[in-house]
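>>> Okay, predicted coordinates and the sequence, questions at the end:
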Amino acid sequence: MATVRIQHEDFDAAAEAALLTRGRTDAGAVVTFTGLCRDEKGTLTALELEHYPGMAEDEIARVAAEAEHRWPLLGATIIHRYGRIRPGENIVLVVTMSSHRQAAFAAADFLMDYLKTRAPFWKKEIRADGSEGQWVEAKDADDKAMERWKGAVGSRD
Amino acid sequence: MSDQKLKLSYFAWVRERIGRASEEVVPPQGVRTVGDLIGWLGERGEEYAYAFERPAIIRAAIDRVHVKHETPIANAREIAFFPPMTGG
């Protein structure tokens, strides 16, 4: 069973990975992915992440269950932050643990692709002058990234 | 169906355009699917027309599970409308 947390507070990626592997001798691979708030144009003060409380937890748990169905995972932790997040700060954490690296890498990749298109979160830009900017638009590239998992290993699609 | 009281929730720019985060409605008979509901809401006023001006891009969830526009709304307690997601 994956651990899923939706929180405003920051997280410690190394500590979360250590928590997952503690006391285990059967895990051969842990993949840790951290998504950061980035400011490409130097105009962003922060992102305001809105989410759908309740559904965010449920949907990420469903996506995690799908990953556990597809790959032999020994554990997984997913943390997604909400609220105001500044450039350079953490937004999302995915940790996957398996006997072998292929499953851990693939599951982490899959989880991120699915989170981007299915987890009910929306980003709004807060500009340098404090004014509200635009809502970040969903990218076709993210939809395509998710599509590639259909019909893939272990797929039920 | 005609007495079905539904909680509607709105997120991101759908919420901003409508000007509220949630409300309760009783849709008329004939509103059977999520798509029907979007069509009905879109005629409730300028703010709704603006929020639902491009119905095809609006995403929906019934009782916190993603659904398609063809999905029937019978037995739904809460229906949420929102733009394509941009988390991660």
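That came through, no problem.
>>> Do you know the pLDDT at the residue in chain B that chain A sits nearest to?
Across chain B, no residue is closer to chain A than B:Gly87, which sits at 2.8 Å (C-beta to the nearest C-beta). Every residue, glycine included, has its C-beta placed from N, CA and C. As predicted, B:Gly87 sits at a pLDDT of 94.
>>> do the same with A:Lys41
81.
>>> And A:Ala67, by the same measure?
97.
>>> which SS class is it?
helix (DSSP: H, G, I helix; E, B strand; the rest coil).
>>> same thing with A:Val4?
strand.
>>> Would you agree it is in contact with A:Ala64?
Yes. In terms of C-beta atoms under 8 Å, A:Val4 counts as a neighbour of A:Ala64; the distance is 6.3 Å.
>>> how about residue 22, what does it touch?
You didn't say which chain, so I picked chain A. If a contact means C-beta atoms under 8 Å, 6 or more residues apart in numbering or on different chains, then A:Arg22 has no contacts.
>>> try again with chain B
If you count contacts by C-beta under 8 Å, 6+ apart, then B:Ser22 has B:7-10 around it.
>>> For it, name its beta-bridge partners.
B:Ser9 (DSSP bridges).
>>> Quick check, pLDDT for it.
So, for B:Ser22, pLDDT stands at 98.
>>> coming back round to it: mind checking what secondary structure the residue of chain B closest to chain A has?
From three-state DSSP, the assignment for B:Gly87 is coil.
>>> Return every residue with contacts to both of A:Val4 and A:Ala64.
In contact with both A:Val4 and A:Ala64: A:Ile78, using C-beta under 8 Å, 6+ apart.
>>> any idea where the helices of chain A begin and end?
Remark: helices assigned in chain A by DSSP state H are A:13-21, A:55-70, A:101-118, A:140-147.
>>> Can you check which of these gets nearest to A:Gly130?
Closest approach to A:Gly130 among the helices of chain A is made by helix A:55-70 (27.0 Å; C-beta to C-beta).
>>> so what does that closest one touch, helix or strand wise?
strand A:3-7, strand A:73-81, helix A:101-118, strand B:65-67 (3 or more C-beta pairs under 8 Å, 6 or more residues apart in numbering or on different chains; DSSP states H and E).
>>> Out of the ones you listed, which one sits most buried?
Using mean count of other C-beta atoms under 10 Å in any protein chain shown, the stretch among those with the largest mean neighbour count is strand A:73-81, at a mean of 23.
>>> re earlier: any chance of a markdown table for the contacts of B:Ser22, columns pLDDT and neighbour count?
Shown next, in a markdown table, are those (pLDDT from 0 to 100; neighbours: other C-beta atoms under 10 Å in any protein chain shown):
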| residue | pLDDT | neighbour count |
| --- | --- | --- |
| B:Lys7 | 98 | 14 |
| B:Leu8 | 98 | 19 |
| B:Ser9 | 98 | 21 |
| B:Tyr10 | 98 | 20 |
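>>> Tabulate these (TSV), appending distance to A:Cys37.
Below are those laid out as TSV (distance: C-beta to C-beta, whole Å):
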residue	distance to A:Cys37
B:Lys7	32
B:Leu8	31
B:Ser9	26
B:Tyr10	25
